[in-house]
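1. my questions concern the predicted model and sequence given below.
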Amino acid sequence: MTQIIKGENLPLSGEPMRVAVVRRSDGPGAPEVDAAALLVGADGKVRGGEDLVFYNQSAHAGSGVRLTGNVRGEGEVVADWLEIDPGRVEPAVERIVVAASCDDATFGEVEDLYLRAVSATTGEQLALYAVEDATTETAILLGEFYRRAGGWKFRAVGQGYDSGLPGLAEDFGFAVPEEAVEAPMERVPEETVVPSAGAAAEEAAVVPPEEAVVVPVQAPAPVQAPAPAPAPVPLAVGVVGKVGGAAPLSAPALGVPLARCNDLPGEMGPEFEPVEFSGRGKEDVDPGLTLPKGFVVVDVLRKGDGYIEVVTLTVRGRRWREVLGSGLPDLHGVGVFHHDGRSPLRLRVDAPGMAAWTIRLRPVSTLRPFDGPVEGCGPDVLAHTGEETDVRFRFKGDEDKEGYFGVNVHRRGGHAQDTYSRRDRGRGSGSIPRGPRLLVIEADGGWSVEPGASRITSFWTRRR
């Protein structure tokens, strides 16, 4: 049996192999994974940078280990391919460790990640290990090919690093040099990478473990010049009133221009006509919307003091996920939730004391873009469509100069990643992955966010 679980090992024949780091990519915004091989000596360390095989150093001079590129198969399955010939590996190399990094997300967000080794001549499967327990890791050791009793074996490792490449590098005895990237380079599309010899066996392996049909990689279509962006089109606002409910809240208009304000792709959230609903105290809201899968923005307006919370509901009317919660006086906040496109869209607004409130549902295309300094007060959501960037945060606090401030980054599919948080007023910094992303801000007072210089990119990572 060639499929094994974490910690198990199996013997190998020593024949030349093709090794794939496979995952499923569901389109724009999906995590980007970079595969690599480390050639490790008896002391558990690499001898230097020459013992690393990765996208910017694709072959090892003395041991027949190469990274040949990546291919895309049926069902958005993507594989990075390595060639390993055990018969050519230098005697000083005891292990070949196959690793991967994920700079713009965590491996808990990578779908169907596994390592597969096949014979370079016959395409027969030699080893298969599926990663099932990844969570917050940004670098991971998938498996290792190692010498034992004059032959070779494979072990499923599955060891992750929350610290990313620096933590992995420290364990294997090398430093991670960094170089400033003034202008990110264009990523080479997967389809343009031409595999070397053995392509038939390679394509046969670019499938999830349970599948057997593969669509061969097609030549790339000519690149078309992008069409000019359409002029912003104001969106009308429909008002949904509860039968017998309270009149609309007497307060300033919500104030967000209901027109396209950003460059988020359509996959991030559906377009629809915004709707408002007004009420008092604790009420369930059925907006009467049938929407496809994606993010939906919720504006919340409440006059006076007291806490207000908005949550999504299950089919049975039970509390599911919080959209927004705040105790700021005279709140004008913005929240967001991810709709699965199948369940009825229902919300619960809870404002103790029969406080009057108004909520509005609108598309993510109407969010403020994060393309320069932005200020706000209380909960908010920004649209980020640019490159990976450093960010400077400032939290002014509440009236007592205290409170909580946090920023989470959400990508397509509803996956979230903590980026920055603090418990009192002050300044700090963090980084935002390459878009498209939603910056979801929780704040008990005033704040500002400002993009900094382009983030320094690790030598390991593919130039995008």
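-> On my side now, so go ahead.
2. residue contacts, residue 175?
-> residue 169 (CB atoms under 8 Å, 6 or more residues apart in numbering). Yep, even glycine has a C-beta here, placed from its N, CA and C like the rest.
3. what do you get for residue 377?
-> Neighbour list for residue 377: 328, 443, 445, 446, 447 [criterion: CB under 8 Å, 6+ apart].
4. which SSE is the last one in?
-> Spelled out, it's residue 447. According to DSSP states H and E, residue 447 maps onto strand 446-454.
5. equivalent analysis for the first one, please.
-> Secondary structure assigned from DSSP H and E places residue 328 in neither a helix nor a strand.
6. just to revisit the earlier point, list the buried residues for the strand holding residue 447?
-> 446, 447, 449, 451, 454 (16 or more other CB atoms under 10 Å).
7. just stretch 439-448 next, same as before
-> Applying 16+ other CB under 10 Å to stretch 439-448 flags 439, 440, 441, 442, 443, 444, 445, 446, 447 as buried.
8. mean confidence (pLDDT) on that stretch, please.
-> The average pLDDT within stretch 439-448 is 94.
9. state the helix or strand in which residue 79 lies.
-> Counting by DSSP H and E, residue 79 is part of strand 77-84.
10. just the CA atoms of the following helix or strand past that strand, as CSV, please.
-> Per DSSP H and E, the first helix or strand lying C-terminal to strand 77-84 is strand 95-101. Extracted C-alpha coordinates of strand 95-101, given in CSV (Å, rounded to 0.1, in the frame of the first residue of the first chain):
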residue,chain,number,x,y,z
ARG,A,95,17.8,13.1,3.3
ILE,A,96,15.9,15.0,0.7
VAL,A,97,13.1,16.9,2.5
VAL,A,98,10.2,18.2,0.4
ALA,A,99,8.8,21.4,1.9
ALA,A,100,6.3,24.2,0.9
SER,A,101,5.6,27.7,2.0
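11. contacting residues around strand 95-101?
-> The contact list for strand 95-101 (CB under 8 Å, 6+ apart) reads 19, 21, 33-40, 65, 80, 82, 84, 89, 107, 113, 115, 138-147, 157, 164-165, 168, 172, 458, 460-461.
12. strand partners (parallel or antiparallel) of that strand?
-> If you go by DSSP bridges, strand 95-101 pairs up with strand 34-40 (antiparallel), strand 139-148 (antiparallel).
13. can you give me the pLDDT of residue 122?
-> We have a pLDDT of 92 for residue 122.
14. quick one: neighbours of it, just the number.
-> By other CB atoms under 10 Å, the residues close to residue 122 number 11.
15. would it count as being in a helix?
-> No. Checked against DSSP: H, G, I helix; E, B strand; the rest coil, residue 122 lies outside a helix; its state is coil.
16. next, the residue nearest to residue 313 when sequence neighbours are not counted: phi, psi?
-> Among residues not flanking residue 313 along the chain, residue 346 sits closest, at 4.3 Å (CB to CB, 6 or more residues apart in numbering). Dihedral angles phi and psi of residue 346 (degrees, to the nearest 10) take the values phi -140, psi 150.
17. what's the distance between residue 346 and residue 260?
-> Per CB to CB, to the nearest Å, residue 346 is found 27 Å from residue 260.
18. between these two, who's got more neighbours?
-> residue 260 (19 against 16).
19. residue 364 is in contact with that one, correct?
-> No. The criterion here is CB atoms under 8 Å, and residue 260 misses it with residue 364 at 10.1 Å.
20. so what touches the strand holding residue 447?
-> 180-184, 370-377, 382, 386-397, 405, 407, 429, 432, 439, 441.
21. gap between that strand and the chain center?
-> Put simply, strand 446-454 sits 21 Å off its chain's centre (CA atoms, centre = their mean, to the nearest Å).
22. how about the CA coordinates for that strand, as PDB?
-> Provided in PDB are the C-alpha atoms of strand 446-454 (Å, rounded to 0.1, in the frame of the first residue of the first chain):
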ATOM      1  CA  GLY A 446     -11.000  56.100  16.200                       C
ATOM      2  CA  TRP A 447      -8.300  54.600  14.100                       C
ATOM      3  CA  SER A 448      -6.200  55.000  10.900                       C
ATOM      4  CA  VAL A 449      -4.500  52.600   8.600                       C
ATOM      5  CA  GLU A 450      -1.800  53.600   6.100                       C
ATOM      6  CA  PRO A 451       0.000  51.400   3.500                       C
ATOM      7  CA  GLY A 452       3.800  51.400   3.700                       C
ATOM      8  CA  ALA A 453       6.500  50.300   1.300                       C
ATOM      9  CA  SER A 454       6.300  47.000  -0.600                       C
END
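23. direction included, what does that strand pair against?
-> In the sheet, strand 446-454 lines up against strand 374-377 (antiparallel), strand 389-397 (antiparallel) (DSSP bridges).
24. these: lowest mean pLDDT?
-> strand 389-397 (a mean of 89).
25. which SSE is immediately downstream of it?
-> Past strand 389-397, the next helix or strand by DSSP H and E is strand 402-410.
26. pull up the pairing partners for that next one, direction included.
-> Strand 402-410 pairs in its sheet with strand 416-424 (antiparallel), strand 437-443 (antiparallel), by DSSP bridges.
27. closest one to residue 341 among those?
-> strand 437-443 (17.2 Å; CB to CB).
28. any weak-confidence spans in the chain?
-> Counting by pLDDT under 70, the chain contains low-confidence ranges at 26-29, 104, 176-258, 453-464.
29. can you give me the helices in it?
-> Remark: helices assigned in the chain by DSSP state H are 165-171, 199-205.
30. just the C-alphas of the first one, formatted as CSV.
-> Same thing as helix 165-171. Below are the C-alpha coordinates for helix 165-171, written out as CSV (Å, rounded to 0.1, in the frame of the first residue of the first chain):
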residue,chain,number,x,y,z
LEU,A,165,10.4,30.1,6.4
PRO,A,166,12.6,31.7,9.1
GLY,A,167,11.6,28.9,11.6
LEU,A,168,12.2,26.2,9.0
ALA,A,169,15.5,27.7,8.0
GLU,A,170,16.7,27.8,11.6
ASP,A,171,16.0,24.1,12.0
